[in-house]
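Novice: Here's a sequence, model it:
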Amino acid sequence: MSKSTEKAHKKGWFVSFAQGAAVATGSAWAFGLAVGVVIVWIVTGPLFKFSDTWQLVINTGTTIVTFLMVFLIQNTQNRDAKIMQLKLDELIRAATKAHTAYIDMENMSEKELAALQKHYEDLAKKARDEGDHKAAEAHDKAGSKAAKLLS
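Specialist: Model (predicted):
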């Protein structure tokens, strides 16, 4: 089995299809093809006397494509977001002074996130007010305070 086939098998057929479709439909040639279809549709208007059926063809076609693309795009977005989150988690884990309590922030309540956001806003204001030489000290204090918030 080739490496590309092995990778596709590990990802699953739908993930491979969704990623391929997202890349293909996001390309310049796909946009050109869509423009071409619309131009052909417009040019055929007089031939079909701009009938309801003529209008229904483009409406139905675009609705079906849009409906299917929503699911493909959402799948790709969900996968990309998950991958990005895992990469960030690994960076936090690997950084020696980072607080690993932040790794699962996506599971925090809105109240906890708001408190953490306020804390970092206060930290930024303090760093601006005191200057960069105090920022490191403020950051260390903030990390301790944030760790207590997350405990």
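
Novice: where does this protein dip in pLDDT?
Specialist: Applying pLDDT under 70 to the predicted model, the residue ranges of the chain that meet it are 1-9, 132-140, 143, 146-147, 149-151.

Novice: 50 instead?
Specialist: Within the chain, the ranges that satisfy pLDDT under 50 run 1, 8.

Novice: could you pull out the strands for this protein?
Specialist: With strands called from DSSP state E, the chain shows none.

Novice: where along this structure do the helices fall?
Specialist: Counting by DSSP state H, the chain forms helices over residues 3-11, 13-25, 28-43, 52-94, 110-130, 135-150, given from the N-terminal end onward.

Novice: Now do the third one and helix 13-25, the angle between them.
Specialist: Right, helix 28-43. What separates the directions of helix 28-43 and helix 13-25 is an angle of 70 degrees, with axes from the mean of the first three to the mean of the last three C-alpha atoms, to 10 degrees.

Novice: one step back: now tabulate the helices of the chain in JSON lines and tack on distance to Thr100 and mean neighbour count.
Specialist: Every residue, glycine included, has its C-beta placed from N, CA and C. As requested, the helices of the chain are arranged in JSON lines below (distance: least, C-beta to C-beta, whole Å; neighbours: other C-beta atoms under 10 Å):
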{"stretch": "helix 3-11", "distance to Thr100": "28", "mean neighbour count": "11"}
{"stretch": "helix 13-25", "distance to Thr100": "29", "mean neighbour count": "14"}
{"stretch": "helix 28-43", "distance to Thr100": "43", "mean neighbour count": "11"}
{"stretch": "helix 52-94", "distance to Thr100": "6", "mean neighbour count": "12"}
{"stretch": "helix 110-130", "distance to Thr100": "15", "mean neighbour count": "12"}
{"stretch": "helix 135-150", "distance to Thr100": "9", "mean neighbour count": "14"}
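
Novice: Let me have these in TSV, adding distance to Asp104 as columns.
Specialist: Formatted as TSV, these follow (distance: least, C-beta to C-beta, whole Å):
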stretch	distance to Asp104
helix 3-11	25
helix 13-25	24
helix 28-43	38
helix 52-94	8
helix 110-130	11
helix 135-150	9
